[in-house]
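# Coordinates only, no sequence provided:
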């Protein structure tokens, strides 16, 4: 399986946003450094790369989500972000089982996560509103998973209801665009692909 292997902190500095959620990602940003003027295409491409980094996707996967969003009713850019937000690896990260999207993806791959009581090991699995996502019984003894879920509490989102004692959370509804905890301009991505 192909994986993203670029320098993560360097990417965060280039985007100007902490896309990986690491505390030290933006430590070396120089305030007085002059940015080169970017073309319209360059800014559109940067936004696309930022979303790919947020959700840990490769180009082919990203294009599939864009094509699917284009066929749906409503605003294409918002539809795409909502589809990406429904991915199982992303929801595991948002719930707080993993402290990064990469760790959440690995947890799903290794079979630590149950969806509605059934083991799902596909990170791109699309969750539906009402799905209950929980940590497998055997994995609840793992100290790292415990501390991630009970102490970190990285996101408190209105579309995710957590049960801290039961190591589970419910994906209650589809999120609205303004509720998503990412800083991107999705209209630039739509403009880039509509050329």
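In hand now; what should we look at? Nothing here was measured: the structure is a model prediction, and the numbers come from that model.

# count of residues packed around the closest residue to residue 179 other than its chain neighbours?
Leaving aside its sequence neighbours, residue 179 sits nearest to residue 158 (C-beta to C-beta, 6 or more residues apart in numbering; 5.9 Å). Backbone N, C-alpha and C define where each C-beta goes, glycine included. Applying other C-beta atoms under 10 Å, we find 10 residues neighbouring residue 158.

# so residue 158 sits in a strand?
No: if the criterion is DSSP: H, G, I helix; E, B strand; the rest coil, then residue 158 is coil and not within a strand.

# how much space between it and residue 6?
According to C-beta to C-beta, to the nearest Å, residue 158 stands 33 Å off from residue 6.

# Heading C-terminal from the lowest-mean-pLDDT helix or strand in the chain, find the next helix or strand.
Ranking every helix and strand in the chain by mean pLDDT, DSSP states H and E puts helix 8-15 at the bottom, with a mean of 72. Using DSSP states H and E, the next helix or strand after helix 8-15 towards the C-terminus is helix 40-55.

# List the buried residues of that next one.
Buried residues in helix 40-55, defined by neighbour count with 16 or more other C-beta atoms under 10 Å: 44, 46-55.

# which residues are contacting it?
The contact list for helix 40-55, computed with C-beta atoms under 8 Å, 6 or more residues apart in numbering, reads 4, 11, 14-15, 17, 19-20, 38, 57-59, 62, 81, 84, 87, 90, 101, 182, 184-186, 188-189, 191-192.

# do stretch 67-86 as well
51, 54-55, 57, 65-66, 90-91, 94, 126-128, 171, 174-175, 177, 180, 182, 184, 186-187, 189-190.

# buried ones in the least confident helix or strand of the chain?
Of the residues in helix 8-15, 8-9, 11-13, 15 count as buried by neighbour count, 16+ other C-beta under 10 Å.

# where do the strands sit along the protein?
Remark: strands assigned in the chain by DSSP state E are 113-115, 118-119, 132-135, 160-163, 168-171.

# circling back: I'd like to know which of the contacts of helix 40-55 are buried.
Buried by 16+ other C-beta under 10 Å: 11, 15, 17, 19-20, 57, 62, 81, 84, 87, 90, 101, 184, 186, 188-189, 191-192, out of the contacts of helix 40-55.

# ok, residue 139 - contacts?
Per C-beta under 8 Å, 6+ apart, neighbours of residue 139: 112, 145.

# quick one, what contacts residue 136?
Contacts of residue 136 by C-beta under 8 Å, 6+ apart are 111-114, 119.

# One more: residue 56?
Contacts for residue 56 (C-beta under 8 Å, 6+ apart) come out as 4, 89, 101-102, 105.

# Counting neighbours, what do you get for residue 195?
If we define neighbours as other C-beta under 10 Å, then residue 195 has 6 of them.

# Relative to residue 193, how far out is the closest residue to residue 134 other than its chain neighbours?
Leaving aside its chain neighbours, residue 134 sits nearest to residue 168 (3.5 Å; criterion: C-beta to C-beta, 6+ apart). Noted for residue 168: a distance of 37 Å to residue 193, by C-beta to C-beta.
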